[in-house]
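Chemist: sequence first, predicted coordinates after that:
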Amino acid sequence: MPIKNQAIITRGACVTDHLVELEGIEKRYGRFKAVNGVSMAVKPGEIFGFLGPNGAGKTTVIRILLDILQPDRGRRQVLGAESALSVGDRIGYLPEERGLYKAMTPVNAITYFARLKGMKAAHAKERARELLERYGLSAVADKPIKTFSKGMAQKVQVLSCVAHDPEVVILDEPFSGLDPVNQQVLEELICALRDAGRTVIFSTHVMQHAERLCDRVIMIGRGETRFLGTVDEARARLPRRLRLTTDSTASALPALPGLEKVAEADGHATYETRLAAQQSVQQILKQCLDSGVDLSGFTVIEPTLHDVFVDLVGEDARQARTAA
Ligand SMILES: Nc1ncnc2c1ncn2[C@@H]1O[C@H](COP(=O)(O)OP(=O)(O)OP(=O)(O)O)[C@@H](O)[C@H]1O
């Protein structure tokens with residue numbers, strides 16, 4: 001299938017190398033401001049993560065992007081168009097609310113959605129069978145969806161939104177409801193889309209998926225951007241930590257930044273300290289040995305995207321829960 005992505009899109013007099021752009025998006029529901037000044041841009045071929053706790057505004061922003069909702073303020077463009085509706089055949093969208101015609105078979109459902117996006121019937125059916133085979137559903141390809149588990153039906157819905165080979169794929173919480181094996185299958189599908197030159201945007205609050213898949217992420221908390229950048233840039237926001245295991249007492253340890261006991265078992269205690277950006281681990285170990293500390297182990301802990309999420313939007317999540 002030909003790759004339709006254009007590296008550079010001309011929009012009126014303006015040239016942009018972004019497939020998707022949002023600028024200063026604001027949205028109120030009544031008096032409640034759900035989105036407050038979100039700006040972001042997605043480049044061709046990127047996997048881009050929309051991250052945030054429940055109620056952060058992810059679905060609202062995605063719906064604004066797709067012209068399903070109107071913003072109160074701000075500008076958007078998708079594939080060079082001001083309205084995603086005018087380039088709908090080049091977009092694949094998995095909405096947060098799942099829904100398929102239960103009496104249909106997966107082959108017919110995928111064929112139906114591909115035809116709505118402009119594919120010829122025979123080609124759409126061939127593509128449906130090929131996808132079902134590739135993603136482990138060929139044995140049930142001709143069974144009614146009403147006999148499927150929730151996860152199987154969700155896989156069919158994901159395949160329905162990529163069957164027409166869209167340039168941009170937008171998936172709202174695609175991993176929710178899938179077991180670990182099918183989460184892995186979905187990760188493979190997202191990587192296959194990226195390898196074929198497609199652009200994928202997905203929302204999630206499970207950081208491990210974003211950490212493994214995303215080139216860049218936006219973290220939203222209570223409608224506001226808390227972070228925008230690469231996964232490495234996100235992780236670099238937090239210090240590495242050094243974990244030390246010893247049977248010496250805490251008072252024997254040298255004064256280390258943020259030192260705290262994190263575990264105790266069989267006469268050994270484990271402590272953690274923060275490492276400064278360029279600080280050498282050897283230097284701290286030497287300090288310990290010079291102080292007569294009997295170390296039985298040490299580990300350097302790199303911050304994860306989950307740690308950054310908790311640090312940046314954990315408070316937003318707690319406040320949203322209190323307000324609910
Ligand atoms: N139609 C609506 N009317 C009033 N408030 C709404 C409406 N839709 C969403 N909201 C509120 O706007 C905020 C953002 O909702 P949104 O669904 O965009 O968040 P989200 O990040 O996708 O959340 P989740 O991860 O739970 O799906 C929430 O506080 C939600 O209650």
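Modeler: Yes, it's here.

Chemist: which stretches of the protein form helices?
Modeler: 58-65, 106-116, 121-134, 150-162, 180-195, 207-213, 231-235, 281-290, 305-323 (DSSP state H).

Chemist: turn those helices into CSV, columns for distance to the ligand and mean neighbour count.
Modeler: To be clear about C-beta, it is placed using only N, CA and C from the backbone, and glycine gets the same treatment. Putting the helices of the chain into CSV (distance: least, C-beta to the nearest ligand atom, whole Å; neighbours: other C-beta atoms under 10 Å) gives the following:
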stretch, distance to the ligand, mean neighbour count
helix 58-65, 3, 23
helix 106-116, 23, 22
helix 121-134, 27, 17
helix 150-162, 15, 21
helix 180-195, 17, 16
helix 207-213, 13, 19
helix 231-235, 18, 17
helix 281-290, 38, 13
helix 305-323, 7, 17
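
Chemist: could those go into JSON lines alongside mean pLDDT and distance to R243?
Modeler: As requested, these are exported to JSON lines (pLDDT from 0 to 100; distance: least, C-beta to C-beta, whole Å):
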{"stretch": "helix 58-65", "mean pLDDT": "96", "distance to R243": "34"}
{"stretch": "helix 106-116", "mean pLDDT": "95", "distance to R243": "48"}
{"stretch": "helix 121-134", "mean pLDDT": "95", "distance to R243": "43"}
{"stretch": "helix 150-162", "mean pLDDT": "92", "distance to R243": "37"}
{"stretch": "helix 180-195", "mean pLDDT": "93", "distance to R243": "27"}
{"stretch": "helix 207-213", "mean pLDDT": "96", "distance to R243": "20"}
{"stretch": "helix 231-235", "mean pLDDT": "95", "distance to R243": "17"}
{"stretch": "helix 281-290", "mean pLDDT": "88", "distance to R243": "11"}
{"stretch": "helix 305-323", "mean pLDDT": "82", "distance to R243": "14"}
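
Chemist: which one of the ones you listed lies closest to Q77?
Modeler: helix 58-65 (9.4 Å; C-beta to C-beta).

Chemist: picking up where we left off before, out of the helices of the chain, flag the one nearest G49.
Modeler: Using C-beta to C-beta, the helices of the chain put helix 207-213 closest to G49, at 4.0 Å.

Chemist: distance to G297 added to the helices of the chain, as CSV?
Modeler: Formatted as CSV, the helices of the chain follow (distance: least, C-beta to C-beta, whole Å):
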stretch, distance to G297
helix 58-65, 40
helix 106-116, 51
helix 121-134, 45
helix 150-162, 40
helix 180-195, 30
helix 207-213, 26
helix 231-235, 24
helix 281-290, 11
helix 305-323, 21
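
Chemist: which residues does the nearest residue to S291 once chain neighbours are set aside contact?
Modeler: Using C-beta to C-beta, 6 or more residues apart in numbering and skipping residues adjacent in sequence, the residue nearest S291 is P254, 5.0 Å away. Neighbouring residues of P254 by C-beta atoms under 8 Å, 6 or more residues apart in numbering: I284, Q287, C288, D290, S291, V293.

Chemist: switch the cut-off to 10 Å
Modeler: By C-beta atoms under 10 Å, 6 or more residues apart in numbering, P254 lies in contact with T273, I284, K286, Q287, C288, D290, S291, V293.

Chemist: what do you get for Y135?
Modeler: K155, V156, V158, L159, N182, V185, L186, E188, L189, A192.

Chemist: my guess is the fifth one meets A153, correct?
Modeler: No - N182 is beyond contact range of A153, at 11.2 Å (criterion: C-beta atoms under 10 Å).

Chemist: ok and the residue in the stretch 151-300 of the chain nearest the ligand?
Modeler: H205 (5.9 Å; C-beta to the nearest ligand atom).

Chemist: distance of that residue from Q70?
Modeler: 26 Å (C-beta to C-beta, to the nearest Å).

Chemist: please apply the same query to I220.
Modeler: 19 Å.

Chemist: which of those two has more neighbours?
Modeler: I220 (27 against 8; other C-beta atoms under 10 Å).
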